[in-house]
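**Q** Mind looking at a prediction? Sequence and model below.
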Number of protein chains: 6
Amino acid sequence: MDDATLPSATQIPRFSGIRTFMRLPYAPGIGTPRPDIVIAGIPFDTAASFRPGARFGPSAIRNISVLLRPSNQFHRINALERLRVVDAGDVLAVPGEIARTYANLEQRWAEFVSAGVVPVGLGGDHSVTLGELRAVAKAGGPVALVQFDSHSDTWDNYWGVRYTHGTGFRRACEEGLLDPAYSIQVGLRGSEYAPGDLDDTRELGFQVLLAQELSSMSPVEVADVIRARTAGRRVFLSFDIDFFDPSCAPGTGTPEVGGPTSAYGLQVVQRLTGIDFVGFDVVEVLPAHDPSAITALLGATLIFEFLALVAVRRAAAATRAN
Amino acid sequence: MDDATLPSATQIPRFSGIRTFMRLPYAPGIGTPRPDIVIAGIPFDTAASFRPGARFGPSAIRNISVLLRPSNQFHRINALERLRVVDAGDVLAVPGEIARTYANLEQRWAEFVSAGVVPVGLGGDHSVTLGELRAVAKAGGPVALVQFDSHSDTWDNYWGVRYTHGTGFRRACEEGLLDPAYSIQVGLRGSEYAPGDLDDTRELGFQVLLAQELSSMSPVEVADVIRARTAGRRVFLSFDIDFFDPSCAPGTGTPEVGGPTSAYGLQVVQRLTGIDFVGFDVVEVLPAHDPSAITALLGATLIFEFLALVAVRRAAAATRAN
Amino acid sequence: MDDATLPSATQIPRFSGIRTFMRLPYAPGIGTPRPDIVIAGIPFDTAASFRPGARFGPSAIRNISVLLRPSNQFHRINALERLRVVDAGDVLAVPGEIARTYANLEQRWAEFVSAGVVPVGLGGDHSVTLGELRAVAKAGGPVALVQFDSHSDTWDNYWGVRYTHGTGFRRACEEGLLDPAYSIQVGLRGSEYAPGDLDDTRELGFQVLLAQELSSMSPVEVADVIRARTAGRRVFLSFDIDFFDPSCAPGTGTPEVGGPTSAYGLQVVQRLTGIDFVGFDVVEVLPAHDPSAITALLGATLIFEFLALVAVRRAAAATRAN
Amino acid sequence: MDDATLPSATQIPRFSGIRTFMRLPYAPGIGTPRPDIVIAGIPFDTAASFRPGARFGPSAIRNISVLLRPSNQFHRINALERLRVVDAGDVLAVPGEIARTYANLEQRWAEFVSAGVVPVGLGGDHSVTLGELRAVAKAGGPVALVQFDSHSDTWDNYWGVRYTHGTGFRRACEEGLLDPAYSIQVGLRGSEYAPGDLDDTRELGFQVLLAQELSSMSPVEVADVIRARTAGRRVFLSFDIDFFDPSCAPGTGTPEVGGPTSAYGLQVVQRLTGIDFVGFDVVEVLPAHDPSAITALLGATLIFEFLALVAVRRAAAATRAN
Amino acid sequence: MDDATLPSATQIPRFSGIRTFMRLPYAPGIGTPRPDIVIAGIPFDTAASFRPGARFGPSAIRNISVLLRPSNQFHRINALERLRVVDAGDVLAVPGEIARTYANLEQRWAEFVSAGVVPVGLGGDHSVTLGELRAVAKAGGPVALVQFDSHSDTWDNYWGVRYTHGTGFRRACEEGLLDPAYSIQVGLRGSEYAPGDLDDTRELGFQVLLAQELSSMSPVEVADVIRARTAGRRVFLSFDIDFFDPSCAPGTGTPEVGGPTSAYGLQVVQRLTGIDFVGFDVVEVLPAHDPSAITALLGATLIFEFLALVAVRRAAAATRAN
Amino acid sequence: MDDATLPSATQIPRFSGIRTFMRLPYAPGIGTPRPDIVIAGIPFDTAASFRPGARFGPSAIRNISVLLRPSNQFHRINALERLRVVDAGDVLAVPGEIARTYANLEQRWAEFVSAGVVPVGLGGDHSVTLGELRAVAKAGGPVALVQFDSHSDTWDNYWGVRYTHGTGFRRACEEGLLDPAYSIQVGLRGSEYAPGDLDDTRELGFQVLLAQELSSMSPVEVADVIRARTAGRRVFLSFDIDFFDPSCAPGTGTPEVGGPTSAYGLQVVQRLTGIDFVGFDVVEVLPAHDPSAITALLGATLIFEFLALVAVRRAAAATRAN
């Protein structure tokens, strides 16, 4: 597993071997040669407001990720040949101690970022993104956020607690980690605590595409809106699996019915080419409510698509350079 | 729980407390102040023709309903601030004894109706609607029916039994409880006992929108058809959860593949403003086949949307009155 | 069960009786009167590359098939009154021995075909189709293939093994069983082993409709493409249940997210009238990952639609003959 | 399946073929040659007081019964070689109509009994035993009951309903179908409606072995008590699967913790040699709560043991006769 | 629900009504008349070291508790007629904030204790017991602990965190809440962090009965050891459901194979008569891993047995007084 | 993971990190320093006669094994401090190709054995043991077999196939890999293909302890019989998880009711000290039927106990040497 070669699924059956993400090499440190992308789990769920258990999200995503073949059909590219991608294992997440977890997470992410590696986080509940953003913003300034989610996660607090999975992006704004004018939230829906919760979000400066609006937009149109909004900035893409309808993603902590299908969401992501991504995560996969592992498979596939987006952009850059 | 204040989900976690619907006050009698809407379970499933178990529908819907926040994003209204809504517990349903169950149900519903309360029923199998309709029609004459369902439920009998979950609306017609000329069935599909079952339904006078027809209609168009059909009449909305595709509602007794998504169905319901609803129910939620509770969540959300429809109409009436 | 009359579901409850497909007569031999269609299970899953267990597909499909009523709403026809359809039980499939299984399968299928019976196979993993095709092609020459699938199943080998569920259609081409110029694969998507896997498929001569392309085509358009492609030839329809999104078909061995809904797929199949089908199968239903049996129900419904397609065509032929 | 030969599991894999009990011949009528034992399903669950769904018990038991090999290790006998055993399919059970169901059941059972066949019933809820007893007692007078159960099922009524799964044996006493002085209930435990429920049972004349008492008795001792109690009478053995601890039998409608293990219960049954059994049933298997099918397997194994008990007795009789 | 009368399960079906524990009256405050026993949920699971989700323990226990009938067969007593027992709903547990949760819990428990009510806690992870003990000990001094558990829960800390579900009883000793010389831990087993973990426990002063030792002791003997150890002191009984083998209690966070059966554990508890219990709890029921609800049923039954122990003791006291 | 230090579960939460067995170092080759014990998966299930899926056994066992703490309570030893134990990943198992799989397996095992490492296999179906035995016997001659199992696995063939999970030990005898006179099978039960199957086993020379016999033997007695039988020989211990009752091990391919509890089986294994074990395996864990992972946990715990047995023996040897 200290070898960068992915085992060939046509030689070594996909159900075989230790479960790193897609059976990629395990590399807890940055190491040499420097990877382009590092995938790391953040098994933290203390900040969940309803069902906990997303601490098992990383292992569930890794477990089913072995079903994925290396090459991307849409982009006609094998990202794993173009990029060095490794699985760094998990960040040390401390149940019940969000501040310590953030410190560990930020430090680990900072190592990745400072080495020029694009980190991909496997949540964990959505509170983890704040920790990732701290590292990313500290290194390069505020980023544009592209958030796929059924919830805005910009409430002020839950029962007096300011750091939860529903308050992270308000905190990120307060800490100056985001540039809301270039940020967008996609897929919001469901019940609110008070009429106008979304106005609060818009007051923070985010653009919002409600799930309802998606019904009359094609994936290409959504991707165009996102690209226009982010306007060439450094972009962090955070994907809460509850963006999807519960039929596609039953295994999550706070599901909201009435969401997009997996086909729709994937097609949006596939079109997000030409964006300078500096970080990704997939959060809120909760295996205890995912009896057929379809939620974890969807999460793994999103990461597979992220890898291709990075590879496509680098390939384009290389072409331009020639 | 004898207090009309809903516990704040940002103060008292949603997973906490006794499971009434949305943690609303429990009020088995009408009481004072008079509620606007009463939610009551009808845990009866003797009339199911295939899988029984919908008697556990009310508790499953209540159990997951606590995930809902009070305010409606689409209508920008907090119905629970505008209306007094209570959970009245369950009607006394007697397994194996449909006539006694109907008597209990009709009496309980009659109390609600005569007090000017809009009753919302949590099924139970679809036979329960007949009992609700008896009370509603006795009080105010035949009603227009808006039925979301994959089945017409207008067969004559099952194995010689005339009162079942598949025959209720034929009985309702025979008893003069419905005004078919203003009634509509939406979402029908699946196999039939004989070619022409649907003609029988149309002969009873119902308008029918097949699931297949919905494929080329927008939710707004469907809502417009429903509004036009019901034409200002007193309307009873009965929602059989098997209207939805089994991917969205696996937990039901007689699923039919090829149905609408949860997004589609919810968007139709959200547009049913301006209708004078005198009763609602959600039926056929069967928790034993709903491992991730997504069916129960969908049922609970439908009721949440019903509450908003009533609140919006009353708010509009109040505005007009001023 | 040696009587050709289907038990009436309004007389004998659907949950009652031995589980043949739709409670059809059990007839292991061809017998007299000769059936028009024979349904037979092929409980083989040795050739699966990821999750095995499709050997229990036939029993799961039969088990839930009893939920189906006899008459087809879309076509307004009761195929079981028009055609004699029987359940022949299962082919002798030998775990671990694909050659012997193919021999048994081909011989059994040859008996059906030579008697003028249309065989319908219940898989089993997708390797079984090769055995069916051998019998069908031996009797009447190469056939046009209509394959609904998320995978092309035209890889050359898996770990040196040439007969697997992912290589069957390449073998079928090599053996001259198919006429690729009249064949089409619908629904392909997901990750590949190398960029260009699909080009290989096209080099074999197949037309391909990617899942992505389906997003902008109506079911009617897809059916028209299929009809045009098959151009009056003898057609074998092979339906891999993983064509559907995992939300609709979680119970399968190699699910691919981002697929069509059950409504979409069924509507395509319903429009495939006017085609001379000489064989069908539904494969890759894996009950161990199908907790609510929605995958098996979808598979059973596909077969129900196949029966109608044959009945409609014969009815049309009879009408023309008069 | 009209052949009395059981398919050899070493020739035709056990997962293959139509699911009759143990893949025995299907014979809906008595037919010729006359069988020694007939197994028939009684898919009725209207009389359940808590979870319904035992109507799917017969199909679940048949489905897993194919795992059983023909020969009994304990008795060193292959009952299926010694006896002609067939599966007669299901009795016509009418949901919601217990009287009609009893009529159908009694008539079917009477045919078996009058032909000298020992009937084995697959429940269904425990109310079905009353119907079986009526046929058996009508033919030969009151029988001795051996009831394995966690509940006495001798309550007077549930919510005014006299025929339920909790009242059947009181009714059987009232109807003179049982000879309580030779009858015994084994395994009773759990909460009661009032102190002394068991005294009521004893007042009816039954001997009772509480689950608690079993803790200090060996299976051989229990079997000896049963044999002594029944004293050579004609015996009906009714086995409610909730006799077992829920760890062994989770799939049942009214589980009671604190029960015996499957090893214990099976060892008792295996020792019940030398008894003149005139009927058996296994009831209350509820597949919707049996995710790994261990309850259904336990039920199927009990029937397998019943077959051996009959075979052993006949073999002994034949030996004595020579 | 503000009426102290338990609905009769033979009049109102057990599956009917709002889910308080055993459908007891809901009484959030102490109220009048003063109850003898209050049952309250403590939905807290932040302190779990492996699988979280026990916050849903109270609702799962309440949900299945309705299956219980009021009267105790072993003790021949209906505790609910002898004692006033109410369900007080849930303590306000704050995810991620154990100190605040302890404060809320202690305050609520102190109200119960100061009013002379015996509190029964529904966990929640095992950390909650410390909060209960603080209230109980503050009111009456250190108590004797009877702990059924597979783990000693006396580790010093987890990852530097001192308040977790595995460290509570060490903290309780340090805080002087327990009198170890009269305390006993029963059922310990499984792997340790280091050889001698149990010596640490014994050094704290606890008596220990390993699971292995239970194998050669009868339930009566175990109860005698417990009674002897507690020697007339005020006793707090804390029952971690993982005391039981995972076959009996799969739904828990840190299961340990090789444990006692439910029959054994219940028989021990039933024999704990004559002890002055000042508090009880059942903890670590985790419904997300309890597909058939047998773990929750076992937890509910334990509480049912606790109620009887209190009732029996009071009845005996009353008899002695006369 | 190339470091031999096990992460401390009190420092790094057990739910964290890549899933090797117990988070042991991953070491695909023998490497330096030479390990004492190597754990390797054998994800093969082609040879299963009923439910396949044991190819996912290794990943399921690894996944839940992280719950285990390092130190053994019974033996008071931390085997992982005494021995160097690594996880070597999986053997290359080829679906459908048992001969190639045996070749790969034997070669890999031979490397371990020739280096003086004790190999521990994670099955996979029970056919894999034959491959392990070939390597072990080739290196050191025939071994004594201690087989815990509900089946003897000494049938001659299944459907003409000689290498299956039910025939391996007959093959092993034929190949001279075993010394039956020192071998023993423990736990046999269930139905047979013909009376006398067990006599066949005994004719092969094995001693047999039926499950039924275990009922009257203590774990210590069973261990003594095993120790006496193996009489100081080199011993291979093969543990088929279906030895246990399905309540303890539902996740397996051919369950047999009436088996021992997990407590009983573990206590036997714990007493197997003083034996010269040259190989172990745990087979037939089938996660698709193990919803709460209790079967996988039981399998992982058995391996944990094996490690201790080796450590205890070496410690004793070291002591004697001093």
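**A** Everything's here; your move.
**Q** When you work out contacts or count neighbours from here on, use the C-alpha atoms and nothing else.
**A** OK.
**Q** Distance check, whatever residue of the stretch 151-300 of chain A ends up closest to chain C against chain F.
**A** The nearest approach of the stretch 151-300 of chain A to chain C comes at A:Ala263, 3.6 Å away (Cα to the nearest Cα). Per Cα to the nearest Cα, to the nearest Å, A:Ala263 is found 27 Å from chain F.
**Q** did I read that right, that residue in a helix?
**A** Yes - assigned with DSSP: H, G, I helix; E, B strand; the rest coil, A:Ala263 falls within a helix.
**Q** Contact residues of the stretch 51-200 of chain A facing chain B?
**A** Residues of the stretch 51-200 of chain A lying near chain B by Cα under 8 Å from any Cα of the partner chain: A:157-160, A:189-196.
**Q** In a markdown table: the residues you listed, plus secondary structure.
**A** Formatted as a markdown table, those follow (three-state DSSP):
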| residue | secondary structure |
| --- | --- |
| A:Asn157 | coil |
| A:Tyr158 | strand |
| A:Trp159 | coil |
| A:Gly160 | coil |
| A:Arg189 | coil |
| A:Gly190 | coil |
| A:Ser191 | coil |
| A:Glu192 | strand |
| A:Tyr193 | coil |
| A:Ala194 | coil |
| A:Pro195 | coil |
| A:Gly196 | coil |
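**Q** Buried members of those residues into PyMOL, please.
**A** The PyMOL selection below is limited to those of these classed as buried (16 or more other Cα atoms under 10 Å in any protein chain shown):
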select buried, chain A and resi 157+158+159+189+190+191+192+193+195
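**Q** If I look at the closest residue to chain F within the stretch 201-322 of chain A, what pLDDT would I see?
**A** Relative to chain F, the nearest point of the stretch 201-322 of chain A is A:Pro291 (8.1 Å; Cα to the nearest Cα). For A:Pro291, the pLDDT comes out at 97.
**Q** count of residues packed around it?
**A** 18 (other Cα atoms under 10 Å in any protein chain shown).
**Q** Then A:His289?
**A** When neighbours are counted by other Cα under 10 Å, A:His289 comes out with 22.
**Q** That one and A:Ala249 touch, don't they?
**A** No - taking contacts as Cα atoms under 8 Å, A:His289 lies outside contact range of A:Ala249: 9.4 Å.
**Q** can you tell if stretch A:308-322 touches chain C?
**A** No - judged by Cα under 8 Å from any Cα, stretch A:308-322 makes no contact with chain C; its nearest approach is 10.9 Å.
**Q** Run through who's touching that stretch.
**A** A:72, A:75, A:77-79, A:82-83, A:270, A:272-277 (Cα atoms under 8 Å, 6 or more residues apart in numbering or on different chains).
**Q** Could you list the buried residues of it?
**A** For stretch A:308-322, burial by neighbour count (16+ other Cα under 10 Å) applies to A:308-315.
**Q** what about chain A, any weak spots by pLDDT?
**A** Applying pLDDT under 70 to chain A flags the ranges A:1-6.
**Q** and the residue of the stretch 201-322 of chain A closest to chain F, helix, strand or coil?
**A** A:Pro291 is classified as coil under three-state DSSP.
**Q** how far away is it from D:Ser262?
**A** 27 Å (Cα to Cα, to the nearest Å).
**Q** one step back: show me which of the residues of the stretch 51-200 of chain A next to chain B is closest to E:Gly131.
**A** Closest approach to E:Gly131 among these (Cα to Cα): A:Trp159, at 19.6 Å.
**Q** Confirm for me that that closest one is in contact with B:Ser8.
**A** No - the criterion here is Cα under 8 Å, and A:Trp159 misses it with B:Ser8 at 9.3 Å.
**Q** one step back: redo the buried residues of stretch A:308-322 as a markdown table? Include distance to D:Gly57 and secondary structure.
**A** As requested, these are exported to a markdown table (distance: Cα to Cα, whole Å; DSSP: H, G, I helix; E, B strand; the rest coil):
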| residue | distance to D:Gly57 | secondary structure |
| --- | --- | --- |
| A:Ala308 | 50 | helix |
| A:Leu309 | 52 | helix |
| A:Val310 | 54 | helix |
| A:Ala311 | 55 | helix |
| A:Val312 | 55 | helix |
| A:Arg313 | 58 | helix |
| A:Arg314 | 60 | helix |
| A:Ala315 | 60 | helix |
